[in-house]
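Engineer: Pasting the sequence and the predicted coordinates here, then a few questions.
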Amino acid sequence: MRGAIATASAAALCACGGPQSALAPAGPAADAIAQTWWLMFWAAAAIWVLVLSLLLYALLRGRETRALSRPNRLIVGGGLVLPTVVLSALLVYGTVHSGRVTGLGERVDTVIEVTGRQWQWEFRYRDGDTPVAASVDELALPRGRMVEFHVTSADVIHSFWIPRLGGKIDAIPGRVNRLRLRADRAAPMRGQCAEFCGLEHAHMVFAVRVLEDDAWRGWLRAHAVGDSDDAGASR
């Protein structure tokens, strides 16, 4: 038991840091996801302790085999009421906080087109309908600004994911999916394709840089492209 607890604690602590840790949020969407995760973790831990306590009680009864005076109460309470209450509470909590995860209702400051292809990520930064910059396997974001990503794929299905900023979304050929994220902290972070897409899938990562406004504008100038350029020209 002690070994299991120590192992679980060590795994939880190791998962709380690093450039791809969803438990080290750097934006509101990731923060809401992390809070939900911790809520579910402690709720599951409490239920686990309750189940083990009941099991221990049953084992310590020894040869005491007297039937429960009201077995229906235990069945209804533990098998119907408790799961209903717990799942309903999680549903209400997730619904209330869904706005922080999706970013709906927030004003969009920047639009970035994302194209996944085997095995790299291409980014095009837009000012209205005009592409102003492009990069490959490196994503630059303005700190504190809401960014809307238009995500698609040039070949197979990929999945665009920056764990420290929020949830993931599929990149599907012929379709454009939208995802809104905001980076509030300039912390080390990395994005990853979260859908197996071929032999080099594990190497389909990209660096994420969070910049202040002046540095952001300078970065765009350094990676500027013309209307006829594509993302490959920025390599």
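Structural biologist: Right, received. Where do you want to start?
Engineer: how many other residues sit next to residue 126?
Structural biologist: Using other CB atoms under 10 Å, residue 126 has 15 other residues around it. Heads up, the C-betas are built off the backbone N, CA and C, glycines and all.
Engineer: now stretch 183-202, how far from the chain's geometric center?
Structural biologist: 11 Å (CA atoms, centre = their mean, to the nearest Å).
Engineer: Same check on stretch 22-39?
Structural biologist: Computed by CA atoms, centre = their mean, the chain-centroid distance of stretch 22-39 equals 8 Å.
Engineer: Quick check: buried residues in that stretch?
Structural biologist: 22-34, 36 (16 or more other CB atoms under 10 Å).
Engineer: for the top helix by length along the chain, the distance to its chain's centre please.
Structural biologist: Looking across the chain with DSSP state H, the single longest helix is helix 28-60. Computed by CA atoms, centre = their mean, the chain-centroid distance of helix 28-60 equals 21 Å.
Engineer: TSV for the buried residues of stretch 22-39, including distance to residue 198?
Structural biologist: As requested, the buried residues of stretch 22-39 are arranged in TSV below (distance: CB to CB, whole Å):
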residue	distance to residue 198
22	24
23	29
24	29
25	30
26	29
27	29
28	33
29	28
30	27
31	33
32	32
33	28
34	30
36	32
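Engineer: and the residue nearest the centre of the chain, what does it touch?
Structural biologist: In the chain, the residue lying closest to the centroid (CA atoms, centre = their mean) is residue 167, at 3.1 Å. By CB atoms under 8 Å, 6 or more residues apart in numbering, the contact set of residue 167 is 29, 33, 101, 161, 179.
Engineer: In its sheet, which strands sit next to the strand or helix carrying residue 159, and in what direction?
Structural biologist: Using DSSP states H and E, residue 159 maps to strand 158-161. Note on strand 158-161: by DSSP bridges, its sheet partners are strand 169-171 (antiparallel), strand 189-193 (antiparallel).
Engineer: got a list of contacts for it?
Structural biologist: 114, 116-117, 121, 149, 151, 167-171, 179, 191-195, 197, 204.
Engineer: Buried ones from the residues you listed, can you make that a ChimeraX selection?
Structural biologist: To isolate the buried subset of those in ChimeraX, counting by 16+ other CB under 10 Å, use the following:
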select :114,116,117,121,149,151,167,168,169,170,171,179,191,192,193,194,195,197,204
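Engineer: before we move on, the earlier item: would you check which pair of the buried residues of stretch 22-39 lies furthest apart?
Structural biologist: 26 and 36 (16.5 Å; CB to CB).
Engineer: before we move on, the earlier item: chain center to whichever helix or strand comes after the longest helix of the chain, what's the gap?
Structural biologist: Once the chain leaves helix 28-60, the next helix or strand it forms, by DSSP H and E, is helix 71-76. Relative to its parent chain, helix 71-76 has a centroid offset of 39 Å by CA atoms, centre = their mean.
Engineer: can you give me the helices in this structure?
Structural biologist: For the chain, the helices defined by DSSP H cover 2-14, 28-60, 71-76, 82-96, 98-102, 213-222.
Engineer: If you count neighbours, what's buried in the last one?
Structural biologist: This points to helix 213-222. For helix 213-222, a neighbour-count test (16+ other CB under 10 Å) marks 216, 219-220 as buried.
Engineer: picking that back up, check what pLDDT the residue nearest to the centre of the chain gets.
Structural biologist: With respect to pLDDT, residue 167 has a value of 89.
Engineer: With residue 231 instead?
Structural biologist: 43.
Engineer: so how many other residues sit close to the residue nearest to residue 82 when sequence neighbours are not counted?
Structural biologist: Distances taken as CB to CB, 6 or more residues apart in numbering place residue 47 nearest to residue 82, at 7.9 Å, with adjacent residues excluded. Look at residue 47: counted by other CB under 10 Å, it has 13 neighbours.
Engineer: No further questions, thank you.
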